[in-house]
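>>> The following comprises the amino acid sequence and a computationally predicted model.
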Amino acid sequence: MLNVPPQAFPAPASQQRVAAGSRAKVPLKPGRSLMDWIRLTKSGKDLTGLKGRLIEVTEDELAKHNKKEDCWICIRGFVYNVTPYMEYHPGGEDELMKAAGSDGTDLFDQVHRWVNYESMLKECLVGRMAVKPIAAPKGMLPEKKVLGASAKGLTPSYDWFQTDSLITVVIYTKQKDVNAELVIVDCQDKQLRGEIIMDDHSYLVEVDLDHAVQEDLAVNIAEKVGKVEIILKKKDNIHWKMLGRPLESHNTLIKRTGRGLFYRKCKLVSKTEVTHDTKLFCLMLPKSTHLSVPTGQHVYLKQIIAGTEVVKPYTPVLPFLPLDFKEPSCHGGAHVYLMIKIYSCGLFTQALDHLQIGDYISVSSPEGNFKKSQVQTSEDLFLLAAGTGFTPMVKLLNFALTEVSCLRTVKLIFFNKTEDDILWRSQLEQLALKDERFEVQFVLSQPTKDWVGKHGKISSSLLCEFVKRSRKDSKVLICICGPTPFTEQGVQYLKDLGYSQEEIHAFSA
Ligand code: FAD
Ligand code: NAD
């Protein structure tokens with residue numbers, strides 16, 4: 001028996017994801033885009049050199065294929081010949097070579113666990129490992145499920161009870177301050193999935209319910225005692241003998257990075273123009289989903305493009321910049337708003353732009369390492385955004401101006417190519433007029449001659465002037481987001497200006 005995942009490859013229900021070409025760490029040669037790769041994989045060319053045969057690979061055999069021109073890598077028990085893929089890898093050949101001739105599962109998960117290399121490399125499949133791979137498939141490691149004895153007392157537990165019409169699942173998190181953003185519940189086709197985020201861990205209740213339930217569910221959270229109730233409505237008023245059949249990850253507490261991304265299908269309810277190339281997409285969550293995306297976090301969208309699952313990250317915004325700083329209740333929870341730039345040659349955004357109102361798209365649970373507590377103690381908040389790098393700043397602005405009482409100044413410096421590219425310009429200007437703590441500055445890299453504002457790209461002199469503390473020792477947070485070179489240069493300039501790592505938050509994938 002081979003010690004590999006039992007599912008067919010690629011698993012029909014797997015979250016097949018492919019790399020985001022735009023995050024390239026090295027410039028890819030012309031003709032080496034993600035779409036070019038998808039085309040090559042569909043061309044019928046023998047990409048493994050094995051003429052369609054699948055073989056069992058021993059560790060010794062794997063180790064022999066450790067050169068660029070002959071490079072095999074094991075991911076989750078499957079072995080791929082990645083030589084044809086080298087030039088298409090957004091992270092560059094060197095990154096791929098780190099796993100040459102060995103098990104690259106952990107390495108791949110560390111870099112981008114949301115990228116489904118299994119899908120992208122399916123034509124490069126050499127075969128399965130004949131012996132136990134060093135890293136086992138996601139979520140299947142027993143040690144991930146079993147906590148150390150000292151942590152056991154802190155492991156959440158669950159219970160359930162019923163009335164004639166309701167099923168209530170109660171999760172005792174055994175920690176205080178559980179809020180709505182930390183509870184993600186989905187119920188699709190009788191499968192209940194309730195996830196509690198506990199710092200960098202995730203507790204999961206995952207059950208194939210005994211009987212059918214209605215579409216809508218309710219979630220009650222007793223924050224102080226850390227109790228979460230999931231209330232389901234029975235479809236038929238019959239007595240349930242059991243809650244249901246536990247699924248594979250049921251009742252586990254593991255590191256968040258160890259869980260695969262979970263997607264639910266959301267309906268596109270509106271699409272409105274923000275600028276000539278950027279649109280605001282409003283997606284409606286299913287009634288059977290309880291999810292709210294925390295400030296500073298992103299979600300992944302998944303579409304099938306040319307037969308391959310493609311996944312890209314997007315940062316939810318608000319429907320508009322509220323001037324009275326109360327998130328409108330009618331927009332709470334049920335909708336996700338995404339401000340997305342459509343690139344004329346963009347693989348994913350072109351497909352997105354073709355979605356019609358009423359179409360469905362898969363949306364993942366939120367991810368990201370930004371913590372609100374970073375802002376909560378700040379006196380000066382400086383936001384450096386470029387292009388759609390503005391998106392994380394939207395909720396951040398709202399949160400800062402509404403909930404952070406110690407903030408004295410909130411400044412946004414917004415870099416764009418032209419005036420026409422500035423997102424929500426008039427809303428930002430109105431906000432600056434309304435709230436004296438807030439100030440906005442626009443900087444254009446390709447202005448027309450009529451532009452009287454600042455021009456150029458991010459530079460040390462611009463930042464030196466912009467990120468001045470309001471008092472000598474005031475507590476500062478600087479958030480930066482935009483194209484990777486913009487963010488990297490910005491962080492370096494800030495460090496050169498004497499700001500510490502703790503005072504800077506760079507948004508990235
Ligand atoms: P691709 O097919 O990858 O690229 C095609 C061409 O489009 C490129 O050659 C280039 O000319 C141009 N292009 C593509 N991507 C970029 C880019 N990132 N920068 C500059 N030029 C590019 N985008 C949003 O619009 N809104 C968001 O809220 C948002 N949030 C993000 C959050 C995170 C954490 C990250 C990492 C990225 C985010 N992005 C966001 C970018 C998004 O994930 C995609 O990279 C983008 O939509 C392009 O995808 P594509 O497949 O259409 O383009
Ligand atoms: P863009 O090409 O329109 O450029 C906007 C501005 O960014 C330019 O005017 C310039 O000032 C600056 N800029 C661009 N390239 C630069 C470079 N090489 N060096 C220095 N400055 C540069 O931007 P866009 O097309 O809107 O792209 C926005 C970027 O933000 C994308 O790369 C997207 O992936 C990223 N983004 C990241 C996150 C995140 O990580 N959380 C969220 C949203 C957007």
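That came in fine, so what should we check first? Residues are numbered from 1 along each chain as shown. Ligands and ions are numbered 1, 2, ... in the order given.
>>> neighbouring contacts of the strand or helix carrying K495?
Using DSSP states H and E, K495 falls within helix 484-496. Taking contacts as C-beta atoms under 8 Å, 6 or more residues apart in numbering, the residues outside helix 484-496 that touch it are 23, 25, 384, 386, 389, 415, 457-460, 463, 467, 478, 480-482, 501, 503-504, 506-508. (C-beta placed from N, C-alpha, C; glycine too.)
>>> Tell me which entries of those lie within strands.
L384, A386, F415, I478, I480, C481, I504, A506 (DSSP state E).
>>> want to try CSV for the residues you listed, with pLDDT and distance to ligand 1 as columns?
CSV is the format used below for these (pLDDT from 0 to 100; distance: C-beta to the nearest ligand atom, whole Å):
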residue, pLDDT, distance to ligand 1
L384, 98, 16
A386, 98, 9
F415, 98, 13
I478, 98, 18
I480, 98, 13
C481, 98, 8
I504, 97, 17
A506, 97, 11
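>>> Save those residues as a markdown table, and put in neighbour count too.
Shown next, in a markdown table, are the ones in strands among the contacts of helix 484-496 (neighbours: other C-beta atoms under 10 Å):
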| residue | neighbour count |
| --- | --- |
| L384 | 30 |
| A386 | 23 |
| F415 | 26 |
| I478 | 23 |
| I480 | 28 |
| C481 | 25 |
| I504 | 19 |
| A506 | 18 |
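>>> Farthest-apart pair in those, please.
F415 and I504 (16.7 Å; C-beta to C-beta).
>>> C-alpha coordinates for the helix holding K495, CSV please?
Extracted as CSV, the C-alpha positions of helix 484-496 are listed here (Å, rounded to 0.1, in the frame of the first residue of the first chain):
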residue,chain,number,x,y,z
THR,A,484,5.4,44.8,-4.8
PRO,A,485,8.3,47.1,-5.8
PHE,A,486,6.4,50.1,-4.3
THR,A,487,5.8,48.3,-1.0
GLU,A,488,9.4,47.0,-0.8
GLN,A,489,10.9,50.5,-1.6
GLY,A,490,8.5,52.1,0.8
VAL,A,491,9.5,49.8,3.6
GLN,A,492,13.2,50.4,3.0
TYR,A,493,12.8,54.2,2.9
LEU,A,494,10.8,54.0,6.2
LYS,A,495,13.5,51.9,7.8
ASP,A,496,16.2,54.4,6.6
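>>> Just the mean pLDDT for it, thanks.
Computed over helix 484-496, the mean pLDDT rounds to 96.
>>> ok, and does that helix reach over to ligand 2?
Yes - shown here: helix 484-496 in contact with ligand 2 (C-beta under 6 Å from any ligand atom) through P485, F486, Q489.
>>> For that helix, buried residues please.
F486, T487, Q489, G490, V491, Y493, L494 (16 or more other C-beta atoms under 10 Å).
>>> hmm, back to that, for the residues of helix 484-496 next to ligand 2, give me TSV that also has distance to T173.
Output for the residues of helix 484-496 next to ligand 2, formatted as TSV (distance: C-beta to C-beta, whole Å):
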residue	distance to T173
P485	42
F486	39
Q489	42
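>>> Who are the contact partners of the residue in the stretch 351-500 of the chain positioned nearest to ligand 2?
Of all residues in the stretch 351-500 of the chain, G387 sits closest to ligand 2, at 2.0 Å by C-beta to the nearest ligand atom. By C-beta under 8 Å, 6+ apart, G387 lies in contact with K341, F415, N416, K417, D421, G482, P483.
>>> which of those has the most neighbours?
Neighbour tally across those (other C-beta atoms under 10 Å): the maximum, 26 neighbours, falls on F415.
>>> give me the beta-bridge partners of that one?
Taking DSSP bridges as the rule, F415 bridges to A386, V443.
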